[in-house]
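In: Build me a model:
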Amino acid sequence: MKITALETVNVDAYPQITFVLVHTDEGIVGLGDTFFGAASVQTYVHEVAAPLLLGEDPLAIEALWSTLFAQTVRGGLSMRSAEVRGLSAIDVALWDIAGQALNLPLYRLLGGPTRQSLRVYNTCAGYRYGGRRPAGWTANYSDGQVEGPYEDLDAFLNRADELAEDLLSEGYTAMKIWPFDQFGPATNGQQISAEEIARGCEPFEKIRRAVGNRIEIALEMHSVWGLPAAQRIARAVEPYDPLWFEDPVRMDNLDALLQFRQSTRIPTTASETMSTRWQFREAFERGALSVAMFDIGWVGGLSEARKIATMAETYHLPIAPHDCVGPVTLVASVHLDYAVPNVFIQEVVRAYLHGVYPNLVTDLPKVENGQIRPLEGPGLGTRLLPDLRSRPDATVRRRSQQ
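Out: The predicted structure follows:
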C-alpha cells in the first residue's frame, strides 16, 4: 500500500477546523483534524509534508512521524506551530488507515481495552465558542444568541446553579468553567481586585449552594495570569474544592508553573498548549504538574500522545485529553483513553457533541450517564459527511503524485 494523495477540507461555518485526508492506492482513506490557523496548516500539508509522504508506505507510521518531525518541525514545538498541527492531523490519519487495513478499532490496535467505562466532564462552552471571534474576544465571550439547549458559557456566567442541576440530570458529574478570564486583559493578567475575585467566585458559590459536592468543578485559567494573580485566584477558589486548576500561567516558564503548583493543595493540570514529548518531559522532571492534559491535534498526533501518556505513567501521573476543537480529535482521544491505563477523565463539550460535530462527521462516541465509549468501527470509526466537500462554503485542496 502506498500514499497517493493528501487532501485538506475546510468549511467556512467552522473556520478553525482543518480536516486532513491521506489517500492510498488501495482505496483506504485516513482522516485527521486539527484546529487554528487553517491557511497555514493547508500550506504545510500540501507544500511541505506531501512531497515527503507521497509514494510512501502509510503503515510505517513511526518512520513517517520521525521523517516529518526531523525535516519540518524540529525547533518549532509551540502548539501554534503549523508544522506540529499539520503533523498531528497526518499522524491520526495514518493510524486510521492502519485500523481500517487491519479491520480493528484504534483502541484495540493500540493495545486496549484497558477499561469498561470512562467518566467525562462537560466544558461549559456554547455552540459558537470555536467559531469566528470578534475583535477583543476573550474566552468569556457570549453574544447572547441561543441556538439550542446547551449555551453553557452564558449559563455558567449567569445561571451556574441551574446549569449544574441540568448537567446532573443528564448524568454529568463534572464541569469546567472560566469565570475569571474576563478580568485578565485589563492588566495583562498582572493583577485582579478583591471585587473581581468575588465576582469570579459567584458561579462556584451558586453551584455549591444548589447541588453541594455532587458535581466536580474544574477551573480553567487559560494561561491568562501572571503568577501572583494566579495564586490569589487559587486561594480564593480553594474553599470550593475544585477538581483542578488548569493552565494557571503560560507554559513558557515551567519554574513559575511549579511555584504555582507548590502554592496550592488543589491539583494543577497542564497543558493543551504544550507540544511533543520533549516539552512534557521537562514538566514531568520538574514536578510542575499534577495532571497531564494534551490535545491530540496539537501535541503531535496519536503517536506522540501515547508516548506522553506512558511517560506520565512512569511519574504516577494521570492524563486528561483535551477536546474543544474538532470531532476527529475527540474520537481519537477516546480511542487512546481505552488503550492506556492512566487516563483520569475525558473532556467533552455537549454543545459540540449535539450542535457542531454532527454537522461534520458520520459517527461520534456516545456519552451516557456521564460515561463515554469509543467507536467500534475499523480505524477511527468515523468519516467526513459525504456531502461536506460539496458545501458552498467548503474549500478542498488536494496534492497527488505526478
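
In: any low-confidence regions in the stretch 201-350 of the chain?
Out: For the stretch 201-350 of the chain, no stretch has pLDDT under 70.

In: For it, which segments are assigned as strands?
Out: For the stretch 201-350 of the chain, the strands defined by DSSP state E, counting those that start in this stretch cover 216-220, 245-246, 268-270, 291-292, 346-348.

In: For residue 68, which of the ones you listed is the nearest?
Out: strand 291-292 (23.2 Å; Cβ to Cβ). Every C-beta, even on glycine, is put in place using the N, C-alpha and C of the backbone.

In: contact partners of the closest one?
Out: For strand 291-292, contacts defined as Cβ atoms under 8 Å, 6 or more residues apart in numbering pick out 244, 267-270, 280, 283-284, 308-309, 312, 317-320, 344.

In: picking up where we left off before, make CSV from the strands of the stretch 201-350 of the chain and add distance to residue 132 and mean neighbour count to it.
Out: Converted to CSV, the strands of the stretch 201-350 of the chain look like this (distance: least, Cβ to Cβ, whole Å; neighbours: other Cβ atoms under 10 Å):
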stretch, distance to residue 132, mean neighbour count
strand 216-220, 21, 23
strand 245-246, 25, 25
strand 268-270, 28, 27
strand 291-292, 31, 23
strand 346-348, 22, 23
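
In: mind checking which of these is nearest residue 122?
Out: Comparing those against residue 122 with Cβ to Cβ, the closest turns out to be strand 346-348 (6.2 Å).

In: one step back: could you dump the strands of the stretch 201-350 of the chain into CSV and include distance to residue 164?
Out: CSV is the format used below for these (distance: least, Cβ to Cβ, whole Å):
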stretch, distance to residue 164
strand 216-220, 8
strand 245-246, 18
strand 268-270, 20
strand 291-292, 22
strand 346-348, 16
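
In: about what we covered before: pick the one among the contacts of strand 291-292 closest to residue 388.
Out: Using Cβ to Cβ, the contacts of strand 291-292 come closest to residue 388 at residue 320, 29.8 Å.

In: contacting residues for the closest one?
Out: Taking Cβ under 8 Å, 6+ apart, we find residue 320 in contact with 269, 291, 292, 293, 343, 344, 345, 346, 347.

In: Spatially nearest residue to the fifth one (excluding sequence neighbours)?
Out: Leaving aside its sequence neighbours, residue 343 sits nearest to residue 337 (Cβ to Cβ, 6 or more residues apart in numbering; 4.5 Å).

In: could you measure the one you found against residue 247, distance?
Out: Remark: distance between residue 337 and residue 247 (Cβ to Cβ, to the nearest Å) = 20 Å.

In: again, but for residue 115
Out: Applying Cβ to Cβ to residue 115 and residue 247 gives a distance of 26 Å.

In: Residue 231 against residue 257, yeah?
Out: No. With contact defined as Cβ atoms under 8 Å, residue 231 does not reach residue 257; the gap is 11.7 Å.

In: The two: which is more packed in?
Out: residue 257 (26 against 18; other Cβ atoms under 10 Å).

In: nearest residue to the more buried one other than its sequence neighbours?
Out: What sits nearest to residue 257 in space, not counting adjacent residues and going by Cβ to Cβ, 6+ apart, is residue 288, at 4.4 Å.

In: Count residues in the vicinity of that neighbour, would you?
Out: 22.

In: For it, give me its contacts.
Out: 254, 255, 257, 258, 261, 268, 270.

In: Next, format those residues as TSV and append distance to residue 162.
Out: Output for the contacts of residue 288, formatted as TSV (distance: Cβ to Cβ, whole Å):
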residue	distance to residue 162
254	39
255	41
257	34
258	38
261	33
268	29
270	31
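
In: and which of these is nearest residue 401?
Out: residue 270 (41.5 Å).

In: distance of that closest one from residue 230?
Out: According to Cβ to Cβ, residue 270 stands 12 Å off from residue 230.

In: One more: residue 368?
Out: Noted for residue 368: a distance of 36 Å to residue 230, by Cβ to Cβ.

In: Of these two, which one has the most company?
Out: Set side by side, residue 368 and residue 230 show more neighbours around residue 230, with 27 against 10, by other Cβ under 10 Å.

In: Once you drop chain neighbours, what's closest to that one?
Out: Sequence neighbours aside, residue 248 is the residue nearest to residue 230 in space, at 4.1 Å (criterion: Cβ to Cβ, 6+ apart).
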